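A.B. asks: Compute the structure for the input listed below.
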Amino acid sequence: MQIDTQFVRAQFPAFSEPSLQGQAFFENAGGSYVCKQVIDRLTRFYRERKMQPYYPSKPSTLGGQEMDEARERLAQIMGVNTDELSFGPSTTQNTYVLSQAVGQWLEPGNAIIVTNQDHEANTGPWRRLADLGIEVREWQIEKETGHLPLEGLENLLDSKVKMVCFPHCSNVVGEINPVQDICAIIRAAGAYSCVDGVSYAPHGIPNVDKLGSDIYLFSAYKTYGPHQGVMAIRREIGNILPNQGHFFNGDTLYKRFTPAGPDHAQVAASAGMADYIDLLYTHHFSPKATAVARAEAVHDLMRTQEIKLLQPLLDYLSEKNSVRLLGPPEAEIKAPTVAIVGQKPGMQLSRELADLGVMTGDGDFYALRCMQAQGVDLNHGALRLSFVHYTTQDEVDKLIGALEQVL
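C.D. replies: Numbers count the residues shown, from 1 in each chain. The predicted structure is shown next:
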């Protein structure tokens with residue numbers, strides 16, 4: 001099954017925006033375009049529901065129902081119970097609050113494992129637990145490839161380790177880690193897993209139950225939605241960790257790790273992400289299916305498109321002697337997040353590409369430890385080229401042509 005790119009792009013108002021015509025968008029890893037289903041729900045909430053939710057008046061009742069709908073439908077997509085899914089202002093904030101809870105739960109002498117492949121948001125808060133007497137162990141990547149070897153984890157695990165925090169894929173390396181296998185190893189060792197899915201979820205929101213992860217976090221604003229952090233935390237670990245919310249919310253799992261009140265409108269608008277996934281499923285497939293099965297089918301549809309477009313770009317870059325490609329050159333095991341180090345600084349390359357109508361990112365992407373571990377000069381920086389399923393072959397061709405001019 002091939003994705004209907006024309007139909008997909010019709011769901012994103014940005015592609016019909018006059019000011020963006022002629023621009024090829026290759027900085028999706030920093031935030032995707034927003035689908036119209038989310039925009040419509042957000043607009044409707046601000047126009048018709050802008051009242052404290054869950055009161056008897058109609059706007060309030062409808063607003064609360066839409067917030068509940070978002071939680072219920074995203075939980076179904078991820079294969080978790082409705083109360084195991086919570087929203088927060090960002091994944092960075094969700095991770096920080098979560099780390100505070102873990103810090104209160106653990107005792108001095110306990111250990112956690114983090115990686116140096118992560119974005120700082122999923123490693124910095126955990127590393128700070130060392131101030132509480134918690135041992136922090138680092139699962140390290142290979143310098144030349146950025147690969148996170150399983151044997152590195154196995155060598156760090158023992159009875160002291162209570163939690164392992166790692167990315168589904170890096171926002172620089174892009175290699176898709178074998179989460180299911182990793183979580184099985186962690187559980188067999190008697191520890192809990194916390195997976196940062198921020199860089200993976202835009203390429204297909206995963207079935208968390210199938211992955212076996214105890215905690216899974218991602219950012220809605222990188223997944224065609226509003227600026228919210230989404231966290232699935234399974235009941236077993238969620239009820240063990242100390243409540244971080246108001247004391248009177250301690251018995252409600254999805255409120256335990258949300259100290260501040262939710263952004264009502266953005267939570268309600270997050271249901272638009274589920275609308276979009278269902279719309280893609282209905283357009284491309286005919287059989288009826290459960291929410292999680294629909295999401296898995298759409299996930300595979302997205303990945304098939306991305307792999308097809310990604311491999312020619314990786315082949316082109318791999319043949320360039322003047323360029324270092326960070327991460328693997330095989331599209332099958334890589335998200336379409338491509339970081340390269342050229343002879344020119346990343347910022348200069350990004351500026352030159354912008355002049356050619358190609359929008360990219362540059363710098364360290366808050367993945368300083370990951371880049372340093374691969375020997376990248378942070379002052380020089382990298383150029384990042386990232387896309388998702390709505391990207392077209394013509395845009396990839398335009399990117400390669402522009403790279404040929406600037407590299």
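A.B. asks: which stretches of the stretch 301-407 of the chain aren't confidently modelled?
C.D. replies: The stretch 301-407 of the chain contains no residues with pLDDT under 70.
A.B. asks: where do the strands sit along it?
C.D. replies: 324-325, 337-341, 358-359, 361-363, 382-386 (DSSP state E, counting those that start in this stretch).
A.B. asks: Could I get those strands in JSON lines, plus columns for distance to Ala289?
C.D. replies: Yep, even glycine has a C-beta here, placed from its N, CA and C like the rest. As requested, the strands of the stretch 301-407 of the chain are arranged in JSON lines below (distance: least, CB to CB, whole Å):
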{"stretch": "strand 324-325", "distance to Ala289": "38"}
{"stretch": "strand 337-341", "distance to Ala289": "29"}
{"stretch": "strand 358-359", "distance to Ala289": "36"}
{"stretch": "strand 361-363", "distance to Ala289": "36"}
{"stretch": "strand 382-386", "distance to Ala289": "30"}
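A.B. asks: so which of those comes closest to Asp214?
C.D. replies: Of all the strands of the stretch 301-407 of the chain, it is strand 337-341 that lies closest to Asp214, at 25.0 Å by CB to CB.
A.B. asks: ok, and what's touching the closest one?
C.D. replies: Outside of strand 337-341, the residues within contact range by CB atoms under 8 Å, 6 or more residues apart in numbering are 29, 169-174, 199, 310, 313-314, 317, 323-327, 365, 376, 380, 382-386.
A.B. asks: what do you get if the cut-off is 7 Å, keeping everything else the same?
C.D. replies: Outside of strand 337-341, the residues within contact range by CB atoms under 7 Å, 6 or more residues apart in numbering are 29, 171-172, 174, 199, 313-314, 317, 323-327, 376, 380, 382-386.
A.B. asks: what's the answer for stretch 183-190, then?
C.D. replies: So stretch 183-190 is contacted by Leu153, Glu154, Leu157, Ser159, Val161, Val164, Ser193, Leu211, Gly212, Ser213 (CB under 7 Å, 6+ apart).
A.B. asks: Out of these, which is nearest to Asp131?
C.D. replies: Nearest to Asp131 among the contacts of stretch 183-190, counting by CB to CB, is Val161 at 18.5 Å.
A.B. asks: Can you report how many residues lie near the closest one?
C.D. replies: Val161 is flanked by 20 other residues according to other CB atoms under 10 Å.
A.B. asks: Could you give the bridge partners of it?
C.D. replies: Ala111 (DSSP bridges).
A.B. asks: quick one: Gln266 from Asn155, how far?
C.D. replies: With distances taken as CB to CB, to the nearest Å, Gln266 is found 42 Å from Asn155.
A.B. asks: neighbour-wise, which of the two wins?
C.D. replies: Higher neighbour count among Gln266 and Asn155: Gln266, with 22 against 11, using other CB under 10 Å.
A.B. asks: so what's the more buried one scoring on pLDDT?
C.D. replies: pLDDT, Gln266: 97.
A.B. asks: for Ser170, what are its contacts?
C.D. replies: So Ser170 contacts Gln117, Asp118, Gly146, Ser199, Ala367, Cys370 (CB under 7 Å, 6+ apart).
A.B. asks: one step back: just the ones of the contacts of stretch 183-190 in helices?
C.D. replies: Applying DSSP state H to these, the entries found in helices are Leu153, Glu154, Leu211.
A.B. asks: before we move on, back to that, can you list the strands of the stretch 301-407 of the chain in a markdown table and add distance to Pro53 and mean neighbour count?
C.D. replies: Listed next are the strands of the stretch 301-407 of the chain as a markdown table, based on distance: least, CB to CB, whole Å; neighbours: other CB atoms under 10 Å:
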| stretch | distance to Pro53 | mean neighbour count |
| --- | --- | --- |
| strand 324-325 | 48 | 18 |
| strand 337-341 | 36 | 26 |
| strand 358-359 | 37 | 19 |
| strand 361-363 | 36 | 20 |
| strand 382-386 | 35 | 27 |
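A.B. asks: Let me know which of those is the nearest to Gln37.
C.D. replies: With CB to CB, the closest approach to Gln37 among those belongs to strand 382-386: 22.5 Å.
A.B. asks: what's the angle between the closest one and strand 337-341?
C.D. replies: When axes from the mean of the first three to the mean of the last three CA atoms, to 10 degrees is applied, the directions of strand 382-386 and strand 337-341 differ by 160 degrees.
A.B. asks: Restrict strand 382-386 to CA atoms and write it as PDB.
C.D. replies: The C-alpha coordinates for strand 382-386 follow below in PDB (Å, rounded to 0.1, in the frame of the first residue of the first chain):
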ATOM      1  CA  ALA A 382      25.800  19.800  12.400                       C
ATOM      2  CA  LEU A 383      23.200  20.200   9.700                       C
ATOM      3  CA  ARG A 384      19.900  18.300  10.300                       C
ATOM      4  CA  LEU A 385      17.600  17.300   7.500                       C
ATOM      5  CA  SER A 386      14.400  15.700   8.900                       C
END
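A.B. asks: so Arg49 touches Gln65, yeah?
C.D. replies: No: contact criterion CB atoms under 7 Å: Arg49 and Gln65 do not qualify, at 9.3 Å.
A.B. asks: Compare neighbour counts for these two and give me the winner.
C.D. replies: Between Arg49 and Gln65, counted using other CB under 10 Å, Arg49 has the larger neighbour count: 22 against 14.
A.B. asks: The more buried one: what's it in contact with?
C.D. replies: Here Arg49 is in contact with Pro59, Leu62, Gly63, Glu66 (CB under 7 Å, 6+ apart).
A.B. asks: And Val298, which helix or strand is it part of?
C.D. replies: helix 291-318 (DSSP states H and E).
A.B. asks: all strands for the stretch 1-150 of the chain, in order.
C.D. replies: In the stretch 1-150 of the chain, the strands defined using DSSP E, counting those that start in this stretch lie at 24-25, 85-88, 111-115, 135-139.
A.B. asks: Pipe those into a markdown table and attach mean neighbour count, distance to Phe15 and mean pLDDT per row.
C.D. replies: Listed next are the strands of the stretch 1-150 of the chain as a markdown table, based on neighbours: other CB atoms under 10 Å; distance: least, CB to CB, whole Å; pLDDT from 0 to 100:
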| stretch | mean neighbour count | distance to Phe15 | mean pLDDT |
| --- | --- | --- | --- |
| strand 24-25 | 20 | 9 | 98 |
| strand 85-88 | 24 | 27 | 97 |
| strand 111-115 | 24 | 36 | 98 |
| strand 135-139 | 17 | 40 | 98 |
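A.B. asks: what's the closest of these to Met302?
C.D. replies: Set against Met302 and scored by CB to CB, the strands of the stretch 1-150 of the chain come closest in strand 24-25, at 16.0 Å.
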